[in-house]
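*Asks:* Sequence plus predicted model, see below.
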Amino acid sequence: MERRQFLAGAAVAAAAPAMPVASAGAAGGGTLRIAMTAADLPSAHGIPNNGFEGYRFLGYIPYDALVNWDLLHDPDKPANITPGLFTGWKPDPSHPLRWIFTVRQGVKFHDGSDFNADAVIFNLGRIYDDKSPQYDATSAPIVRAAVSMVDKYEKVDDTTIAITTKYPFSFLPWLLTRVLMVSPTQWQAVGKSWAEFGKKPSGTGPFKITRVVPGQYIEMVRNEEYWDRDRIPKLDKLVVMPMAEATTRIAALRSGQVDWIEVPAPDSIPSLKQAGFTVTTWPYPHTWPYVLNTEEGSIFKDVRVRQAVNYAIDREGLCHLLNGIAKPAVGLYPPGNAFFGDPVQKYGYDPAKAKALLAEAGYGPDKPAKAKIMISTSGSGQMLPIPMNEFLQQNFAAVGMQVDFDVVEWGTMLVAIRSLPGAPQSHGVQGINISLSSVDPSTMFRYYARDSFSPTNYNWGHFDNAEITDLLKQAQATFDEAEQTRLLAKAHGKVIDEAAWLFIVHDLNPRAMSKQVRGFVPVQSWFVDFTRITVA
């Protein structure tokens, strides 16, 4: 495929939303205006939708989690966790499923009310207690899909919360990064409505949301009273806006309408650099696969077909067309990662081997293997899904496979991945092309364990291997890090050999920004610390 043809399908210019004008405040930190890849504003009420891009811009900026991400560490290492609104944690020595957490004292919500242990219980009720008045039936599944192991929670005293899990789970603090704290007082003040709360939100984070213009943009200002004095933002104001089309984002950056864009189109990168813009790429815990339906009736029930598609695709060629903003993926983790393991299968571009495996599975010229894959038009970590899938479609055709696409909006795909593979929300597809993260050590359990079959968790394709599930359970039942690593690496090697997914590429998280943006340091995380950034 010619690069020109590839890019022709990448994006079509569209009208950008109305955008506020940048201005400098008294502190001189300036205003940073960001164009996201989302087609709509993520929800601002403390459980962001739109995937991790929602958490990146309307999660960790205006809110704190119970446990925060450490984004000020060595950029050559994946981000670790650090105390947030819980200052410490430990397993209960008398109860193997119970954890004890210490609640941070002296923190205020943006509305001036106190953050305390009661606020923690309120927020956990929003997610887990469908009998509580604050239960959020629409958004709670976004958190529960990942933090599904929570069984019970209780306030021990004013400084202590206890959480009990359904099974031994040593990685619980990592998952509590998904649980953001919102103000119970503000929820009551807006009429006990989460929709209304999203228009006038109140968290404890380093930025305060001051204006929500539905479908267009959200403005935030520096929280001068932020509890972590070392992370009071330098910026005066931060504005985020949805802009799904890559060419629209590039035009907005070039014209000075925005200062920062996510995911510039690959072939725009040289000219952006030549024009004086800063373009950054950095590895982060991301993969862009096909999650495969392995239930009866799907061609991917057969491991030989799953292995065949992993040999059928030209990952290097795809990365070349992407101008180096991705690298080939042969597993959830890249080779060299401590969790990669020692798989037998060494996937590379081998059409002959792919054809042989398909023939073994009973497919050939008289009986071509057929599948429909759900793909999106854009979205968090989705890169350039339509032209990338058109490239892969040619690879499949070359080995005798007929692969068609069900093209949906990002929000539709997020609902599908949390649904049963046979549910109406999954549209009858045999695979979902969704960008996914590997930000914590329990990731494989959510993706590949039998216990994590959707709709409980993210094993949408109901991939089922008893040995892999057992290894993952053992890993999360021990607190010995070396043993965790050994078990996870062994499990990952088997995930690769069993071809649980079609592994395609790892994104390198490209973004482009004006030279006036100062202080940005890319780290190996889906998230960004905006507190150090200024706009000259």
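*Replies:* Yes, it's here. Numbering: from 1, shown residues only.
*Asks:* what about the longest helix in this protein?
*Replies:* helix 481-497 (DSSP state H).
*Asks:* Could you list the low-pLDDT ranges of the stretch 1-150 of the chain?
*Replies:* Along the stretch 1-150 of the chain, the model assigns pLDDT under 70 to residues 1-27.
*Asks:* Contact partners for T159?
*Replies:* T102, V103, Q105, A117 (C-beta atoms under 8 Å, 6 or more residues apart in numbering). In this view, the C-beta of every residue, glycine as well, is placed from N, C-alpha and C.
*Asks:* Isn't the second one up against I121?
*Replies:* I take that to be V103. No: taking contacts as C-beta atoms under 8 Å, V103 lies outside contact range of I121: 10.2 Å.
*Asks:* overlap in contacts of these two?
*Replies:* Common neighbours of V103 and I121 (criterion: C-beta under 8 Å, 6+ apart): I161.
*Asks:* who has more neighbours, these two?
*Replies:* Counted by other C-beta atoms under 10 Å, V103 and I121 do not tie: V103 has more neighbours, with 23 against 17.
*Asks:* now the more buried one: how far from T87?
*Replies:* According to C-beta to C-beta, to the nearest Å, V103 stands 7 Å off from T87.
*Asks:* What of R486?
*Replies:* 31 Å.
*Asks:* And these two? Which one has more around it.
*Replies:* R486 (18 against 13).
*Asks:* hey, where'd the strands end up in the stretch 351-500 of the chain?
*Replies:* Secondary structure of the stretch 351-500 of the chain (DSSP state E, counting those that start in this stretch): strands located at 369-376, 401-408, 431-432, 436-437.
*Asks:* The residue lying closest to W227 once chain neighbours are set aside: neighbouring residues, count only.
*Replies:* Sequence neighbours aside, V107 is the residue nearest to W227 in space, at 4.7 Å (criterion: C-beta to C-beta, 6 or more residues apart in numbering). Using other C-beta under 10 Å, V107 is surrounded by 18 other residues.
*Asks:* What residues does V107 make contact with?
*Replies:* Residues in contact with V107 (C-beta under 8 Å, 6+ apart) are L85, D114, F115, T204, W227.
*Asks:* Tabulate the residues you listed (CSV), appending neighbour count, distance to I34 and secondary structure.
*Replies:* Listed next are those as CSV, based on neighbours: other C-beta atoms under 10 Å; distance: C-beta to C-beta, whole Å; DSSP: H, G, I helix; E, B strand; the rest coil:
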residue, neighbour count, distance to I34, secondary structure
L85, 25, 25, coil
D114, 14, 31, strand
F115, 24, 27, coil
T204, 27, 22, coil
W227, 19, 24, coil
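*Asks:* Distance to G348 added to these, as JSON lines?
*Replies:* Compiled in JSON lines, the contacts of V107 are given as follows (distance: C-beta to C-beta, whole Å):
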{"residue": "L85", "distance to G348": "46"}
{"residue": "D114", "distance to G348": "58"}
{"residue": "F115", "distance to G348": "52"}
{"residue": "T204", "distance to G348": "49"}
{"residue": "W227", "distance to G348": "50"}
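*Asks:* Nearest to Y448 among these?
*Replies:* Using C-beta to C-beta, the shortest approach to Y448 within the contacts of V107 belongs to L85, at 31.0 Å.
*Asks:* Y447 against S437, yeah?
*Replies:* No: Y447 is not in contact with S437 according to C-beta under 8 Å; the separation is 10.1 Å.
*Asks:* Those two: which is more packed in?
*Replies:* Neighbours were counted for Y447 and for S437 using other C-beta under 10 Å; Y447 has more, 24 against 19.
*Asks:* quick one: contacts for that one?
*Replies:* Y447 neighbours (C-beta under 8 Å, 6+ apart): V291, L332, L436, Y458, N459, A500.
*Asks:* number of nearby residues for the nearest residue to the fourth one once chain neighbours are set aside?
*Replies:* Yep, that's Y458 we're talking about. Distances taken as C-beta to C-beta, 6+ apart place R446 nearest to Y458, at 4.7 Å, with adjacent residues excluded. A count of nearby residues for R446, using other C-beta under 10 Å, gives 23.
*Asks:* isn't R446 right next to A146, touching?
*Replies:* Yes: assessed by C-beta under 8 Å, R446 is found in contact with A146 at 6.4 Å.
*Asks:* Common neighbours of those two, please.
*Replies:* N457, Y458.
*Asks:* Not counting residues beside it along the chain, what's closest to R418?
*Replies:* Among residues not flanking R418 along the chain, A145 sits closest, at 5.0 Å (C-beta to C-beta, 6+ apart).
*Asks:* Tell me who's in contact with the one you found.
*Replies:* Neighbouring residues of A145 by C-beta under 8 Å, 6+ apart: R418, P455, N457, Y458.
*Asks:* Isn't the last one up against S452?
*Replies:* Same thing as Y458. Yes: Y458 is within contact range of S452, at 6.4 Å (criterion: C-beta under 8 Å).
*Asks:* which residues do these two both contact?
*Replies:* Shared contacts of Y458 and S452 (C-beta under 8 Å, 6+ apart): R446.
*Asks:* sorry, back to before: out of the contacts of Y447, who's the most crowded?
*Replies:* Among the contacts of Y447, the one with the most neighbours (other C-beta under 10 Å) is A500, at 28 neighbours.
*Asks:* State the number of residues packed around the residue nearest to it when sequence neighbours are not counted.
*Replies:* Leaving aside its chain neighbours, A500 sits nearest to F463 (4.6 Å; criterion: C-beta to C-beta, 6+ apart). Neighbour count for F463, taken as other C-beta under 10 Å: 26.
*Asks:* tell me the contacts of F463?
*Replies:* So F463 contacts L292, T294, Y448, E498, A500 (C-beta under 8 Å, 6+ apart).
*Asks:* Now L471: closest residue in space, sequence neighbours ignored.
*Replies:* Going by C-beta to C-beta, 6+ apart, L471 has A491 as its nearest residue, at 4.0 Å.
*Asks:* Might you report the residue contacts of the one you found?
*Replies:* The contact partners of A491, taken as C-beta under 8 Å, 6+ apart, are G341, M444, Y448, I468, L471, L472, A475.
*Asks:* buried subset of these?
*Replies:* Among those, those buried by neighbour count (16 or more other C-beta atoms under 10 Å) are G341, M444, Y448, I468, L471, L472, A475.
*Asks:* how about these in a markdown table, adding pLDDT?
*Replies:* Shown next, in a markdown table, are the buried ones among the contacts of A491 (pLDDT from 0 to 100):
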| residue | pLDDT |
| --- | --- |
| G341 | 97 |
| M444 | 97 |
| Y448 | 98 |
| I468 | 98 |
| L471 | 98 |
| L472 | 97 |
| A475 | 97 |
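*Asks:* V523 versus H73, what's the distance?
*Replies:* 7 Å.
*Asks:* Show me the common contact partners of those two, please.
*Replies:* The contact lists of H73 and V523 share A79, where a contact means C-beta under 8 Å, 6+ apart.
*Asks:* of those two, who's got more company?
*Replies:* Taking neighbours as other C-beta under 10 Å, H73 and V523 compare with V523 leading, 22 against 15.
*Asks:* How about the contacts made by the closest residue to the more buried one other than its chain neighbours?
*Replies:* Spatially, and ignoring its direct neighbours in sequence, V523 is nearest to P75 (4.6 Å; C-beta to C-beta, 6+ apart). If you count contacts by C-beta under 8 Å, 6+ apart, P75 has them with W282, V521, P522, V523, Q524.
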